[in-house]
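Colleague: here you go, sequence then predicted model.
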Amino acid sequence: MHRQIKSVFILTALLALLAGCASKTMVESDLHIKGAPDWVNEGTQMLNDKGGRLFHGVGSAPPMGDESLQKSTADERARAEVARIMSSYLTVASNDYSAAASSGGESSGEQSVSRQIDNLTQINLTGAKIIGRWRDKHTGSIYSIAELDLKQMQQTLDKAQQMSPGLRDFLNRNSDTIFDRIAGEKK
């Protein structure tokens, strides 16, 4: 009898293990924080809405004992998120530019374009502004949202001294299309 109980237990454990292995991992992009603003739950993204073509970065900071430090940490993390998605955007733009330049007979150095893209990311981050903060009453974490408008980024590009005229013209002509394509892929 003792052996039968042991066998049933082992069989049940094996079935549970197999069921666990067969299930799919579900990943949700919505944090589902009750009472949080939509931007907290939606997170970092590129938006094309009535406000324009926008890069939104969301960052957070846990309680630190110093509210000022906590806010500035959340703000910097939000700006870093803007930098991350803007860098992805500019990488796609530089790849498109390199392809267009090589098909048009122009030779553009990939290292030069890459260096220019890195510089543009740093320059444009100065234009990213914090447009909101929210504190989670349950955890004490502070969330910040930073925003950079594509039009503002284009104005900065026009003033960039180190940028080749060909890359500048390409970005001015194609930035909206590239933004819409990338934002559409993320949906």
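Modeller: That came through fine. Numbering: from 1, shown residues only.

Colleague: for residue 143, which three-state class applies?
Modeller: Recorded secondary structure, residue 143: strand (DSSP: H, G, I helix; E, B strand; the rest coil).

Colleague: quick check: phi and psi at the closest residue to residue 149 other than its chain neighbours.
Modeller: Leaving aside its sequence neighbours, residue 149 sits nearest to residue 52 (CB to CB, 6 or more residues apart in numbering; 5.2 Å). Placement of C-beta: from N, CA and C, glycine included. With angles defined as degrees, to the nearest 10, residue 52 sits at phi 120, psi -170.

Colleague: and the helices in the protein?
Modeller: Here the chain has its helices, by DSSP state H, at 2-22, 38-42, 67-103, 110-125, 150-159, 165-186.

Colleague: run through who's touching the second one.
Modeller: Residues from elsewhere that reach helix 38-42, judged by CB atoms under 8 Å, 6 or more residues apart in numbering: 29, 30, 31, 32, 33, 56, 58, 132, 134, 143, 145.

Colleague: do that again at 6 Å, thanks
Modeller: Helix 38-42 is contacted from outside by 30, 31, 33, 134, 143, 145, using CB atoms under 6 Å, 6 or more residues apart in numbering.

Colleague: repeat for the last one
Modeller: By CB under 6 Å, 6+ apart, the list of residues contacting helix 165-186 from outside reads 46, 48, 53, 89, 92, 93, 97, 150, 154, 157.

Colleague: that older thread, buried subset of the contacts of helix 38-42?
Modeller: By neighbour count, with 16 or more other CB atoms under 10 Å, these hold 134, 143, 145 as buried.

Colleague: okay, now the unreliable bits of this structure?
Modeller: In the predicted model of the chain, residues 1-30, 101-126, 160-163, 185-187 satisfy pLDDT under 70.

Colleague: and the gap between the nearest residue to residue 147 once chain neighbours are set aside and residue 68?
Modeller: Distance criterion CB to CB, 6+ apart; nearest residue to residue 147, sequence neighbours excluded, is residue 131 at 4.8 Å. Going from residue 131 to residue 68 by CB to CB, to the nearest Å gives 19 Å.

Colleague: which of these two has more neighbours?
Modeller: For residue 131 versus residue 68, the count of surrounding residues by other CB atoms under 10 Å is larger for residue 131: 13 against 8.

Colleague: my read: that one touches residue 148, true?
Modeller: No. The pair residue 131 / residue 148 is not scored as a contact, 10.2 Å apart, by CB atoms under 6 Å.

Colleague: ok so, going back, I'd like the contacts of helix 38-42 as CSV, with distance to residue 176 appended.
Modeller: Shown next, in CSV, are the contacts of helix 38-42 (distance: CB to CB, whole Å):
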residue, distance to residue 176
30, 28
31, 30
33, 33
134, 30
143, 29
145, 23
